[in-house]
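Q: Curious how this folds, go ahead:
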Amino acid sequence: MKESTRTPLPFTGYQKFVIAVLAFLQFTIILDFMIVSPLGPMMMPALNMTAAQFGIVVSAYAFSAGIAGILAAGFADRYDRKKLLMFFYIGFVLGTLFCGLANTYEMLVAARIVTGLFGGVIGAIVFAIVTDLFPLEQRGRVMGFMQTAFAASQILGLPAGLFITNLMGWHAPFIMIVIVSVIVGVVIFTRLRPVDEHLKIKAEKSPFRHLLATVSIPRHVLAFSATALLSIGGFMLMPFGNVFTVHNLGINVDKLPLIYLITGLASIAIGPLVGRACDKFGSFRTFTVGTLVSIVTVFTYTHMGVTPLLGVILINVVMFVGVFSRMIPSQTLMSAIPTPANRGAFMSVSSSLQQIAGGFASVLAGLIVIVGPGGELHRFEIVGYVVLGTAFVTLFMMWRIHRSIPEAPRATQADGSTSH
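A: Sure, this is the predicted structure:
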């Protein structure tokens, strides 16, 4: 696919609503997953967990989400995507409620599995909806706004969650997520129009054969492999990031909300800018820049010792620039690969691999690092080397994906018109 500088297409009013409501939904999903890591210092002593057990708590969601995505893939293109979204969102809310009620390690793991079974499929449905309703020329900006949910969970969700935790215990953030999710669900149910244009296309009736056909296309296999490696690189630093910041970088635990706040503010500004860069300059160019930034910052971060607060904030901000500059363009490129008839299945399988790879990354990181007697992490730089290796490989894979997309496909916009 040839990339050139182009003028981005404007959004309609309904398109803006769709972006806003789906981004807010993503906020609740991402916050539910991310809140576990910063709660680690409180959860581990409260439930008498080891580092390996905490890694299992983090990865339980990912593995169950991966399995659910595979099971749902065969059915993902057979129903109105809005109805599918509501079904899995209700299950996600109930799973999160169970997390807030858990009082043992075993109950928490079980609750995370339930939450993952439903929550892990939602991201695939959301991106299938985005791909159905927005032409490729707009998707970079849409993906950018979707990723502001990640930043918003940093700036609003995590500091609020930590604050509530300090007041009411580690169960409280999950209850907070449930309350917000119910409000979001009501808005989606009452305002989002049906997303069922794909049902007019003749498709394979057998769910199993539909899934098999989706995973057997060579270009899909390359995309799935790239997704898995991107997830491994992205998730390996997450589970022990807080522990590393507190015990290795020498930052007091009460400064963590400030780090999340500033990093989140920067990320909210970065996401839409990266999305606009994708639509204007091309997704692969943007991905390449993001990869180079990530390589430098990950190497620096994983080799840092005791560092002033300002230095920690700066390295976190730059690291998120790299993350967003890879995440958004990769999602935009991936969205151009499947046809409308197998878009839901493709997104479900891709989401499953992302979750499974993320869970594997969390477990692998837990096996690599060693917690010292004072709580400090050893061998964290080895985790960094693994992340750098995945960065180089995925850059080559994304280049091949970029070359395999001959032109921007036509797509139905959210206002019902067709992009030409």
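
Q: residues near residue 185, how many?
A: For residue 185, the neighbour count with other C-beta atoms under 10 Å is 18. (Each C-beta comes from the backbone N, C-alpha and C, glycine too.)

Q: Name the nearest residue to it, sequence neighbours excluded.
A: Leaving aside its chain neighbours, residue 185 sits nearest to residue 89 (5.5 Å; criterion: C-beta to C-beta, 6 or more residues apart in numbering).

Q: show me what contacts the one you found?
A: With contacts taken as C-beta atoms under 8 Å, 6 or more residues apart in numbering, residue 89 has the following neighbours: 25, 118, 122, 181, 184, 185, 188.

Q: Mind doing that once more with 10 Å?
A: Residues near residue 89 by C-beta atoms under 10 Å, 6 or more residues apart in numbering: 25, 28-29, 118-119, 121-122, 125, 181-182, 184-185, 188-189.

Q: Check residue 259 too.
A: Here residue 259 is in contact with 154, 158, 159, 241, 242, 245, 251, 309, 312, 313, 316, 317 (criterion: C-beta under 10 Å, 6+ apart).

Q: which SS state does it fall under?
A: Look at residue 259: counting by DSSP: H, G, I helix; E, B strand; the rest coil, its state is helix.

Q: Quickly note the distance from it to residue 377.
A: Using C-beta to C-beta, to the nearest Å, residue 259 is found at 17 Å from residue 377.

Q: Show me where the stretch 201-350 of the chain has its helices.
A: Taking DSSP state H, counting those that start in this stretch to define them, one finds helices in the stretch 201-350 of the chain at 207-215, 218-235, 241-243, 256-281, 283-302, 309-335, 343-368.

Q: so is the residue of the chain most remote from its centre in a helix, a strand, or just coil?
A: Within the chain, residue 373 marks the point farthest from the mean C-alpha position, 33.1 Å out by C-alpha atoms, centre = their mean. Under three-state DSSP, the three-state class of residue 373 is coil.

Q: Was I right to think residue 278 contacts residue 285?
A: Yes. In this structure residue 278 lies within contact range of residue 285 using C-beta atoms under 10 Å: 8.6 Å.

Q: which of these two has more neighbours?
A: A direct count of neighbours by other C-beta under 10 Å for residue 278 and residue 285 places residue 278 higher, at 30 against 15.

Q: Rounded mean pLDDT for stretch 175-187, please.
A: Averaged over stretch 175-187, pLDDT sits at 92.

Q: That stretch: how far from the chain's middle?
A: Stretch 175-187 sits 19 Å away from the centroid of its parent chain (C-alpha atoms, centre = their mean, to the nearest Å).

Q: which residues sit against that stretch?
A: For stretch 175-187, the external contacting residues (C-beta under 10 Å, 6+ apart) are 17, 20-22, 24-29, 31-32, 35, 85-86, 89-90, 92-101, 115, 119, 153, 156-157, 160-161, 164-165, 168.

Q: Show me which parts of the lengthiest helix in the chain are buried, residue by residue.
A: Longest helix in the chain, counting residues (DSSP state H): helix 105-133. Buried residues in helix 105-133, counted by 16 or more other C-beta atoms under 10 Å: 105, 108-133.

Q: now swap in stretch 382-395 and tell me
A: Of all the residues in stretch 382-395, those buried under the rule 16+ other C-beta under 10 Å are 383, 384, 386, 387, 388, 390, 391, 394, 395.

Q: Also stretch 295-305?
A: Buried, per 16+ other C-beta under 10 Å, within stretch 295-305: 295, 297, 298, 301, 302, 304.

Q: How about stretch 253-262?
A: 256, 257, 259, 260, 261, 262.

Q: which one of those residues is nearest residue 359?
A: residue 260 (23.1 Å; C-beta to C-beta).

Q: just the buried members of the contacts of stretch 175-187?
A: 17, 22, 24-29, 31-32, 35, 85-86, 89, 92-93, 95-100, 115, 119, 153, 156-157, 160-161, 164-165.

Q: Report the contact partners of the closest residue in space to residue 232 that isn't next to it in sequence.
A: Ranked by C-beta to C-beta, 6+ apart and with sequence neighbours excluded, the top spatial neighbour of residue 232 is residue 361, at 4.5 Å. Contacts for residue 361 (C-beta under 10 Å, 6+ apart) come out as 58-59, 62, 228-229, 231-239, 383, 386-387, 390.

Q: cool, and residue 84?
A: Contact partners of residue 84, counting by C-beta under 10 Å, 6+ apart, are 72, 75-78, 121-122, 124-125, 128-129, 195, 344, 348.

Q: Please identify which helix or strand holds it.
A: Element membership for residue 84, per DSSP states H and E: helix 81-101.
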